[in-house]
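Novice: Quick one, structure for this:
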Amino acid sequence: MNTVDKIRSMAKKSLKSIVLPEYDDKRVIEAARIINQEGIARATLFTPEMMENNEKERYINEYYNTYKNKDVDIEVTRKLFQDPLYYTSMMTNEGKFDGLVAGASHTSSDIIRACMRCMGIDERITIISSCFIMEVPNCPYGDDGTFVFADCGVIPEPNARQLSRIAFSAAELTEKVLNLTPRIAFLSYSTKGSAKVKSGDKIANALSMLKALAPNLLADGELQLDSAIVPEVAQIKYPNSPLGGKANVLIFPNLEAGNIGYKLTQRMSGARAIGPLLLGVNKPASDLSRGCLIEDVVDCVAVTAIRAQ
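Specialist: You can find the predicted model right below:
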């Protein structure tokens, strides 16, 4: 059974309610039909007609009172809540849905802002980032071609603390969703000082912070990609690495590298890329790519459902 099949099977074991606020996107409509038909989750296509006036007014006031000292006024807030995205984000925060998946017709910044402000940020992690589950065909590396890539969609230039939290939350997802032991590599174009890189100190600090946060996690850096995932290369370049060239969680030094890395892997190897899966949000949520396929929506819902179990 491949990784995608395992994820869908695991989601079916304990059905969760996942809301899809992009009710008029044909891909999302068909995905919802498949999800409900196959019993992957209880998917709800949420239309504007499903918003209750009293609840909507309550959500508007709650949101406005929370953020009125920042960058919103009451009219801006009312405009936001014309879109089911904000309404369903508030519902998810209250437990009326177990998770939310959107992004087929909204930008990533739209989804992240709605989730951050309506659901809140996990106090342990303190930042929102994202990851992809990658399933690479005919690949002997990682866990038979299965990897988690992070961050590929949110933080442009993470500092050491942010890198450590990205790694920590990606590791949690790896254990929860994939039932795999995370082996974390902080990536660079240098392996343990083989080249002078400005990110070297940052990665060293991130590794130290991660070990303080979760001493039992297996992690190393800075590592070139081949040193991280190819045992034979690791033996040559850095034989003392605890990873031994068997990393399955790849932490990219910045958003450029992460976004390029996942798209390059996806397009050139025919890999399945499930995500972006938001990390650090108080409730399970996923941000779809606007170029997503129907199967991408189904898989993101399945992962989101597992995270809610």
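
Novice: My guess is residue 114 contacts residue 85. True?
Specialist: Yes - between residue 114 and residue 85 there is a contact under C-beta atoms under 8 Å: 5.2 Å. The way it works is simple: take the backbone N, C-alpha and C, and place the C-beta from them, glycine included.

Novice: shared neighbours, those two?
Specialist: residue 102 (C-beta atoms under 8 Å, 6 or more residues apart in numbering).

Novice: Can you read off the pLDDT for residue 189?
Specialist: Confidence at residue 189, expressed as pLDDT, is 87.

Novice: what about it, how many residues close to it?
Specialist: Here the count is done by other C-beta atoms under 10 Å, and residue 189 has 13 residues near it.

Novice: And the strands in the stretch 101-250 of the chain?
Specialist: 129-135, 146-150, 183-187, 218-223, 249-251 (DSSP state E, counting those that start in this stretch).

Novice: Make a markdown table from those and add mean neighbour count to it.
Specialist: Output for the strands of the stretch 101-250 of the chain, formatted as a markdown table (neighbours: other C-beta atoms under 10 Å):
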| stretch | mean neighbour count |
| --- | --- |
| strand 129-135 | 27 |
| strand 146-150 | 28 |
| strand 183-187 | 27 |
| strand 218-223 | 24 |
| strand 249-251 | 31 |
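
Novice: what would the ones you listed look like in TSV with distance to residue 27?
Specialist: Below are the strands of the stretch 101-250 of the chain laid out as TSV (distance: least, C-beta to C-beta, whole Å):
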stretch	distance to residue 27
strand 129-135	18
strand 146-150	23
strand 183-187	32
strand 218-223	37
strand 249-251	28
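
Novice: Which one of those strands lies nearest to residue 160?
Specialist: strand 183-187 (10.0 Å; C-beta to C-beta).

Novice: The closest one relative to strand 146-150, how many degrees between them?
Specialist: Interaxial angle, strand 183-187 versus strand 146-150 (axes from the mean of the first three to the mean of the last three C-alpha atoms, to 10 degrees): 50 degrees.

Novice: Residues contacting strand 183-187, please?
Specialist: 163, 167, 170-171, 203, 206-207, 210, 217-225, 228-229, 243, 246-253, 257.

Novice: Adjacent strands (with direction) for that strand?
Specialist: Strand pairing for strand 183-187, using DSSP bridges, gives strand 218-223 (parallel), strand 249-251 (parallel).

Novice: Of all those strands, which one is nearest residue 150?
Specialist: Closest among these, using C-beta to C-beta: strand 249-251, at 5.8 Å.

Novice: now the closest one, how far from the centre of its chain.
Specialist: Relative to its parent chain, strand 249-251 has a centroid offset of 12 Å by C-alpha atoms, centre = their mean, to the nearest Å.

Novice: now for the very next helix or strand once past it, which elements pack on it?
Specialist: Toward the C-terminus, strand 249-251 is succeeded by helix 255-269 as the next helix or strand (DSSP states H and E). Counting contacts by 3 or more C-beta pairs under 8 Å, 6 or more residues apart in numbering; DSSP states H and E, helix 255-269 is packed against strand 129-135, strand 146-150, strand 272-279.

Novice: can you list those in JSON lines and add distance to residue 107 and mean pLDDT?
Specialist: Shown next, in JSON lines, are the helices and strands packed on helix 255-269 (distance: least, C-beta to C-beta, whole Å; pLDDT from 0 to 100):
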{"stretch": "strand 129-135", "distance to residue 107": "13", "mean pLDDT": "97"}
{"stretch": "strand 146-150", "distance to residue 107": "20", "mean pLDDT": "98"}
{"stretch": "strand 272-279", "distance to residue 107": "12", "mean pLDDT": "95"}
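
Novice: Dump the lengthiest helix in the chain to CSV, restricted to CA.
Specialist: The single longest helix within the chain, with elements called by DSSP state H, is helix 160-178. In CSV, the C-alpha atoms belonging to helix 160-178 read as follows (Å, rounded to 0.1, in the frame of the first residue of the first chain):
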residue,chain,number,x,y,z
ALA,A,160,17.1,30.1,13.9
ARG,A,161,14.1,29.9,16.4
GLN,A,162,11.6,29.8,13.5
LEU,A,163,13.6,27.0,11.8
SER,A,164,13.6,25.0,15.1
ARG,A,165,9.8,25.4,15.3
ILE,A,166,9.3,24.5,11.7
ALA,A,167,11.3,21.3,12.3
PHE,A,168,9.4,20.5,15.5
SER,A,169,5.9,20.9,14.0
ALA,A,170,6.9,19.0,10.8
ALA,A,171,8.2,16.1,13.0
GLU,A,172,4.9,16.0,14.9
LEU,A,173,3.0,15.7,11.6
THR,A,174,5.3,13.0,10.4
GLU,A,175,4.6,10.9,13.5
LYS,A,176,0.8,11.6,13.6
VAL,A,177,-0.1,11.3,9.9
LEU,A,178,2.5,9.0,8.5
